[in-house]
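> coords please:
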Amino acid sequence: MEKIDFSPLKETSDMMASQLGLWALLTLAIVFLVIVILKIIRVPDRIIIAVASITTLLAGYKVFIFLFS
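Numbering: from 1, shown residues only. Predicted coordinates for the structure are as follows:
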């Protein structure tokens, strides 16, 4: 039984893993900043949760398009 050589895929998988990590980090950083700013200006918690949810989706999409296009 022969072993399969996956070494040509290593560079691609490493790049994809680093892009995924960067995507998650940037998305969370943007959402964290939005939450902090809204708390500083004393927005009610229910509104902060709604805005943070929408911001998470929009930021994740924009960062995804920026990184992977």
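
> any idea how far the residue nearest the centre of the chain lies from I41?
With distances taken as CA atoms, centre = their mean, the residue of the chain nearest its centroid is A24 (2.7 Å). Between A24 and I41 the distance is 27 Å, computed by CB to CB, to the nearest Å. Any C-beta I mention is one placed from the backbone N, CA and C, and that applies to glycine too.

> One more: K10?
Distance from K10 to I41, counting by CB to CB: 47 Å.

> buried sites along the lengthiest helix in the chain?
Scanning the chain for the longest helix, with DSSP state H as the assignment, gives helix 7-40. For helix 7-40, the neighbour count (16 or more other CB atoms under 10 Å) marks 23, 26-27, 30-31, 34-35, 38 as buried.

> what's that helix packed up against?
helix 45-68 (3 or more CB pairs under 8 Å, 6 or more residues apart in numbering; DSSP states H and E).

> quick one: the helix it packs on to chain centroid distance?
In terms of CA atoms, centre = their mean, to the nearest Å, the centre of helix 45-68 is set 9 Å apart from its chain centre.

> And it, what's buried?
Buried residues in helix 45-68, defined by neighbour count with 16+ other CB under 10 Å: 48, 51, 55, 59-60, 63.

> tell me which of these is nearest to F6?
Relative to F6, the closest of these is V63; by CB to CB it sits at 28.6 Å.

> Quick check: W23 touching K62?
No: checked against CB atoms under 8 Å, the pair W23 and K62 is beyond contact range at 10.3 Å.

> coming back round to it: using TSV, lay out the buried residues of helix 7-40 together with distance to E2 and pLDDT.
TSV is the format used below for these (distance: CB to CB, whole Å; pLDDT from 0 to 100):
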residue	distance to E2	pLDDT
W23	36	89
L26	42	89
T27	42	89
I30	47	91
V31	47	92
V34	53	93
I35	53	94
L38	58	94
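
> so who does the residue lying closest to V43 once chain neighbours are set aside touch?
Closest residue to V43 apart from its sequence neighbours, by CB to CB, 6 or more residues apart in numbering: V51 at 7.6 Å. By CB atoms under 8 Å, 6 or more residues apart in numbering, the contact set of V51 is 34, 38, 43.

> Lovely, talk soon.
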